[in-house]
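Asks: Dropping a prediction and its sequence here:
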Amino acid sequence: MRWLPWAVTTWAVLAGSFPASAMTDYKWKYRPLVVFAKSEGVAPLAAQRRIVAANRPALVERNVVVIWVVGDSVSAELGPGPGVSACALRSRFGAGDAAFRVLLVGKDGGTKLSSAAPLGIAALNGTIDAMPMRRNEMRR
């Protein structure tokens with residue numbers, strides 16, 4: 001039984017870095033908008049950045065945190081960063097080597113929208129506002 005503390009510690013470390021746990025800090029608090037691009041030079045990435053910049057108040061009101069996964073770098077806007085690597089996020093969401101992919105994740109952790117093109121504010125707000133949790137938020 002000498003191995004038990006080591007095994008438990010090792011499991012805890014591995015579980016904490018497993019890609020499926022990449023979004024647990026957001027669950028029930030934020031609606032992540034995860035944007036994947038191979039590089040900064042990808043035109044849809046620039047378009048998605050413009051959409052986010054032009055609609056910050058609407059996104060903040062809906063508890064959206066934007067996670068930019070560009071190449072090997074990860075950054076966040078409108079909320080805390082995920083604290084995991086680009087590789088872990090690509091694995092978690094099956095983004096692979098896609099040139100561009102954007103996903104809206106609900107507060108429950110499930111993917112609500114996925115697109116190979118930038119998501120406009122009407123699609124984002126419409127999807128979010130139709131969610132039961134958001135309807136409850138609007139009633140309060």
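Replies: Received it, and whenever you're ready, just let me know what you need.

Asks: need the helices for the protein, in chain order.
Replies: Along the chain, the stretches classed as helices by DSSP state H are 3-17, 43-54, 56-61, 86-93, 121-129, 132-139.

Asks: Pick out the shakiest of those helices, pLDDT-wise.
Replies: Averaged per stretch, pLDDT over the helices of the chain is lowest on helix 3-17, reaching a mean of 37.

Asks: ok so, going back, could you look over the helices of the chain and pick the most buried one?
Replies: Here the criterion is mean neighbour count by mean count of other CB atoms under 10 Å, and of these the winner is helix 86-93, at a mean of 18. In this view, the C-beta of every residue, glycine as well, is placed from N, C-alpha and C.

Asks: Tabulate the CA atom coordinates of it in PDB.
Replies: Extracted C-alpha coordinates of helix 86-93, given in PDB (Å, rounded to 0.1, in the frame of the first residue of the first chain):
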ATOM      1  CA  ALA A  86      -3.900  25.400 -27.100                       C
ATOM      2  CA  CYS A  87      -3.300  21.700 -27.700                       C
ATOM      3  CA  ALA A  88      -5.600  20.800 -24.800                       C
ATOM      4  CA  LEU A  89      -8.300  23.000 -26.100                       C
ATOM      5  CA  ARG A  90      -8.000  21.700 -29.600                       C
ATOM      6  CA  SER A  91      -8.300  18.200 -28.300                       C
ATOM      7  CA  ARG A  92     -11.200  19.000 -26.000                       C
ATOM      8  CA  PHE A  93     -13.200  20.500 -28.800                       C
END
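
Asks: Having no further points to raise, I will conclude here.
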